[in-house]
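A.B. asks: Build me a model from this:
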Amino acid sequence: MIKSIEVQPTFGKNRDEIEKQVGHKLMINFNQPIVDDSIEYLTDKKSDGYNVVNGKKKLDIGILEIQKGGRGNTAKKNHRI
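C.D. replies: Below you'll find the model as predicted:
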């Protein structure tokens with residue numbers, strides 16, 4: 001079903017105003033036009049039949065940002081003496 005997956009880097013400025021890679025852009029190419037395809041009924045009676053409306057062959061996932069990492073937040077313990 002999938003013909004190819006294209007991955008491209010995306011660049012932006014970090015907090016120090018230095019140009020760095022900030023994520024990836026994904027594009028999935030399918031063999032058949034299945035993205036946003038649908039059917040149209042000929043009449044209000046579904047038994048009268050339908051037509052298939054072709055979709056697109058490309059799906060643009062968009063930009064996936066690179067995770068910053070770090071230790072995360074931990075719960076603060078209340079120590080009593």
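A.B. asks: Can you list phi and psi of residue 12 for me?
C.D. replies: Main-chain dihedrals, residue 12, degrees, to the nearest 10: phi -160, psi 180.
A.B. asks: next one: residue 48
C.D. replies: phi -80, psi -10.
A.B. asks: which ones are touching the closest residue to residue 37 other than its chain neighbours?
C.D. replies: Closest residue in space to residue 37, ignoring its immediate chain neighbours: residue 55 at 3.5 Å, by C-beta to C-beta, 6 or more residues apart in numbering. Heads up, the C-betas are built off the backbone N, CA and C, glycines and all. Residue 55 sits next to 33, 34, 35, 36, 37, 38 when contact means C-beta atoms under 8 Å, 6 or more residues apart in numbering.
A.B. asks: gap between the third one and residue 24?
C.D. replies: In other words, residue 35. 20 Å (C-beta to C-beta, to the nearest Å).
A.B. asks: now do the fifth one
C.D. replies: Shown here: residue 37 relative to residue 24, a distance of 27 Å by C-beta to C-beta.
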